[in-house]
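>>> Got a predicted structure here, sequence first:
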Amino acid sequence: MGSSRKRTAKNCALDKCPKRSKLHPSDATSPPLTVTVRGRTFEPTPVFDTFWRFAAERHAITEKRLKGLPAPWTADPILQVFPFCNTYRVLDRVSQFIITEVIENGSQDPTELVFRILLFNTFTSINTYETLRGAITPLTWSTYERADYERVLRRLYDDRVALYTGAFQKPAPSLGFVENFMNHLAFMEVLMKDLPAQCAKAEYIADVFEWLCTFKSMGDFTAYQLVLNLSYSRVLDFSDYDFVVVGLGSRRGLQRCFKGLIPRACEVDIIRWMQLTQSDHFSRLKLKFNGLGSKARPIMLCDIEHTLCEIDKYVRKLETPARRPFHSSGALPKMRLPKAWALPARKSLRIKCQEEAEVEYIEKFVVASIQSHRGADGEREFLVYWEGYSSDDASWEPEHPLADDAPNAIKEYWKRIRA
């Protein structure tokens, strides 16, 4: 089941956005600036300024929480009610766990680092990783036996304990097992045969990403998340200015920020421009932005991409009534930044191809499942979840093109809801 048509984001109906947003006023006008990349000029929309307001406000919330200040940490009602990821990806709960418990807790041998990061990334579940670590000693590739890991995972599986986090959909490769977790375990073994060597010999960080994408079950989103997690350690010793992959959610966010259709070939260039000119935009909008840590680290490429996805969610939430208040998990622990960020090699820029995404192409998306349907403007739409992408990237798709591209998915959906 698949869809090979080009997916484009719908622009926000700006005049419908309620005045309750402190970051995106309904009477906002487009900023007086443009960006020219690859011979094409793009004009920002009012959402472009909302992006910078959101980035500053969301980071300010994190700073207040790190200081142990009580809620509310913001006057913006959208940010008070709905959960959003941090402006800096590294500050999200999962990233902090990877740094402190996966990377720094254990052998620093490169192969063992790759193994622990890959093991965690396979399930992206703190509970699953902690359960494995508590039951298997030592948790090392040099002593790895599939039967030990199967025993622990099967116990969780039989007890109906979620093995995977709900944040990411992870399509399992077909490697001869009935259960997804066994296919994933076998796939991890396949990757471990060459991934440590691929990391060690990579001239560019893009080399590792491209190698991962040669595997059928590793879509762009899944491969990029793994590369970012590996980059928190010294096994991928590259600058954060080197490489970025534009996901579905961030593509929608980018499209909201600029007028007209943005060709795929221009996306990375625009993100690079946003990263390089961020201080200008914070200054222009009179926003206080302290950066990250004692060295005031700026927003990096992965953070721009990450926050573009959040701004798409933010704008959508403007028209979504709050079902229940968002409650935080309490005071945040002390922030931990990767020790590998201090390595000298991180200061050298190594972009594999200056003409990134030179050829615009039609990207193929595979339908994982259809979960709902609705009527819209006299036409039926289906809520589609895409293989290799998070649930936040689910999108409403018109019935006609979907029926041509993924007819079996629609048949399975009707069969399921009518059963």
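Noted; the coordinates are in hand.

>>> Tell me how many other residues surround the nearest residue to residue 226 once chain neighbours are set aside.
Among residues not flanking residue 226 along the chain, residue 121 sits closest, at 5.0 Å (CB to CB, 6 or more residues apart in numbering). C-beta coordinates here come from the backbone N, C-alpha and C atoms, glycine included. Residue 121: 23 surrounding residues under other CB atoms under 10 Å.

>>> my guess is residue 121 meets residue 228, correct?
No: Residue 121 is beyond contact range of residue 228, at 9.7 Å (criterion: CB atoms under 8 Å).

>>> ok so, going back, after the helix or strand containing the residue nearest to residue 226 comes which helix or strand?
Assigned by DSSP states H and E, residue 121 belongs to helix 110-123. Following helix 110-123 in sequence order, the next helix or strand is helix 126-135 (DSSP H and E).

>>> for the helix or strand of the chain with the lowest mean pLDDT, packing partners?
Between all helices and strands in the chain, the lowest mean by mean pLDDT, DSSP states H and E belongs to helix 399-405, at a mean of 73. Using 3 or more CB pairs under 8 Å, 6 or more residues apart in numbering; DSSP states H and E as the contact criterion, the elements in contact with helix 399-405 are strand 379-386, helix 407-418.

>>> As TSV, these with mean pLDDT, mean neighbour count and distance to residue 195 would be great.
Shown next, in TSV, are the helices and strands packed on helix 399-405 (pLDDT from 0 to 100; neighbours: other CB atoms under 10 Å; distance: least, CB to CB, whole Å):
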stretch	mean pLDDT	mean neighbour count	distance to residue 195
strand 379-386	84	18	25
helix 407-418	84	13	32
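
>>> For residue 222, which of these is the nearest?
strand 379-386 (11.3 Å; CB to CB).

>>> So, low pLDDT: which residues of the stretch 51-200 of the chain?
Scanning the stretch 51-200 of the chain for pLDDT under 70 picks out 166-170.

>>> cutoff 90 now
Confidence mapping of the stretch 51-200 of the chain against pLDDT under 90 gives the ranges 70-72, 77, 80-83, 165-178, 180.

>>> how about the helices in it?
Secondary structure of the stretch 51-200 of the chain (DSSP state H, counting those that start in this stretch): helices at 77-81, 93-97, 110-123, 126-135, 146-158, 180-201.

>>> hang on, the earlier thing: make JSON lines from the helices and strands packed on helix 399-405 and add distance to residue 92 to it.
Output for these, formatted as JSON lines (distance: least, CB to CB, whole Å):
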{"stretch": "strand 379-386", "distance to residue 92": "21"}
{"stretch": "helix 407-418", "distance to residue 92": "31"}
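
>>> right, so of the ones you listed, which gets closest to residue 25?
strand 379-386 (29.7 Å).

>>> Now do the closest one: everything it contacts.
Here strand 379-386 makes contact (CB atoms under 8 Å, 6 or more residues apart in numbering) with 3, 169, 248, 365-375, 391, 393-400, 402, 409-410, 413.

>>> Just those residues: which are in helices?
248, 399-400, 402, 409-410, 413 (DSSP state H).

>>> how many neighbours does the nearest residue to residue 72 once chain neighbours are set aside have?
Nearest-residue entry for residue 72: residue 80, 5.6 Å, with adjacent residues in sequence omitted and distances by CB to CB, 6+ apart. Look at residue 80: counted by other CB under 10 Å, it has 16 neighbours.

>>> With adjacent residues omitted, what lies nearest to the most centrally placed residue in the chain?
Closest to where the C-alpha atoms of the chain average out (CA atoms, centre = their mean) is residue 306, at 5.7 Å. Distances taken as CB to CB, 6+ apart put residue 89 closest to residue 306, at 4.7 Å, once the chain neighbours are dropped.

>>> residues in contact with the one you found?
95, 228, 302-303, 306.

>>> The residue nearest to the centre of the chain against residue 250, yeah?
Yes: Residue 306 is in contact with residue 250 according to CB under 8 Å; the separation is 7.2 Å.

>>> quick one: low-confidence parts of the stretch 301-419 of the chain?
In the stretch 301-419 of the chain (pLDDT under 90), the answer is 316-334, 343-419.

>>> Please report how far residue 416 lies from residue 374.
Separation of residue 416 from residue 374 (CB to CB, to the nearest Å): 16 Å.

>>> just residue 86 next, same as before
32 Å.

>>> The two: which is more packed in?
Between residue 86 and residue 374, residue 86 has the larger neighbour count (other CB under 10 Å), namely 22 against 10.

>>> Correct me if wrong: that one contacts residue 62.
Yes: counting by CB under 8 Å, residue 86 does reach residue 62; the two are 5.4 Å apart.

>>> neighbours around residue 317, how many?
16.

>>> any idea how far it is from residue 53?
With CB to CB as the criterion, residue 317 and residue 53 are 15 Å apart.

>>> again with residue 201
43 Å.

>>> Compare the two and say which one has the larger neighbour count.
Under the criterion of other CB under 10 Å, the comparison of residue 201 against residue 53 puts residue 53 first, with 22 against 9.

>>> Please name the residues that touch the residue nearest to residue 272 when sequence neighbours are not counted.
What sits nearest to residue 272 in space, not counting adjacent residues and going by CB to CB, 6+ apart, is residue 301, at 6.9 Å. Shown in contact with residue 301 (CB under 8 Å, 6+ apart): 240-244, 271-272, 275.
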